[in-house]
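K.L.:
coords below, sequence missing:
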């Protein structure tokens, strides 16, 4: 998060669109009176295709 003037810029990665919305809603509640620029991206987390071998 970065605040420039009256704009709060949200950045980073989350695992779902729901989390992205939650982050924005929390920022709006905490930064009342500021504009929110949500630049948070959704990073898909998937199960591995096969078992990982550790040596």
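P.N.:
Nice, thanks for sending it over. All figures in this text were calculated on a predicted structure; none of them were measured in a lab.
K.L.:
Pull up the per-residue confidence for residue 50.
P.N.:
Here the pLDDT value assigned to residue 50 is 88.
K.L.:
Shouldn't it be within a strand?
P.N.:
No: according to DSSP: H, G, I helix; E, B strand; the rest coil, residue 50 belongs to no strand; its state is coil.
K.L.:
contacting residues around the residue most central in space within the chain?
P.N.:
For the chain, residue 40 is the residue whose C-alpha lies nearest the centre (CA atoms, centre = their mean; 3.9 Å). By CB atoms under 8 Å, 6 or more residues apart in numbering, the contact list for residue 40 reads 10-14, 20, 23-24. Where you see a C-beta, it was placed from the backbone N, CA and C, and this is true even at glycine.
K.L.:
And residue 29, how close does it get to residue 35?
P.N.:
14 Å (CB to CB, to the nearest Å).
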